[in-house]
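Enquirer: let me see the structure of the following:
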Amino acid sequence: MASQRLLNYFHVRKQLHHEHLLPLLGFSREFGLLPGMVSPWMHNGSLTTYLEHHLTELTIGQKLQILRHVAAPISYRMRNLQ
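Expert: Next up is the predicted model:
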């Protein structure tokens, strides 16, 4: 049951397109017990990795810009998946 819900989510997620949302290329079951989403490789890694290495170097303005870039596709997703 949970696997089917996850597959349904992947199918819906793959159809979403936003400038601050990486495209979903597919999913893999090779990295653990649960399937993982596969997106294009990013030079700076994930946002979590980037922030771990650069958070203290970022200005308040840069941090707010990152926040806006993260919030925009979340808002988009909420409007388009209902």
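
Enquirer: in the biggest helix by length in the chain, which residues are buried?
Expert: Identified as the longest helix of the chain according to DSSP state H is helix 60-80. Neighbour counts over helix 60-80 (16 or more other Cβ atoms under 10 Å) mark Ile66, Pro73, Tyr76 as buried. From N, CA and C alone the C-beta is placed, and that goes for glycine too.

Enquirer: please produce CSV containing the residues you listed, extended by distance to Asn44 and pLDDT.
Expert: Listed next are those as CSV, based on distance: Cβ to Cβ, whole Å; pLDDT from 0 to 100:
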residue, distance to Asn44, pLDDT
Ile66, 12, 95
Pro73, 18, 84
Tyr76, 22, 80
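
Enquirer: quick one on the thing from earlier: any idea how far the longest helix of the chain is from the middle of the chain?
Expert: 11 Å (Cα atoms, centre = their mean, to the nearest Å).

Enquirer: so what does that helix touch, helix or strand wise?
Expert: Counting contacts by 3 or more Cβ pairs under 8 Å, 6 or more residues apart in numbering; DSSP states H and E, helix 60-80 packs against helix 47-54.

Enquirer: report the angle between the lowest-mean-pLDDT helix or strand in the chain and helix 60-80.
Expert: For the chain, using mean pLDDT, DSSP states H and E, the weakest element among its helices and strands is helix 2-14, scoring a mean of 79. Orientation of helix 2-14 against helix 60-80 (axes from the mean of the first three to the mean of the last three Cα atoms, to 10 degrees) gives an angle of 110 degrees.

Enquirer: off-centre distance for helix 2-14?
Expert: 15 Å.

Enquirer: again, but for stretch 5-23
Expert: 9 Å.

Enquirer: endpoints of it, how far apart?
Expert: 20 Å (Cα to Cα, to the nearest Å).

Enquirer: where does the prediction get shaky in the chain?
Expert: 1-2, 81-82 (pLDDT under 70).
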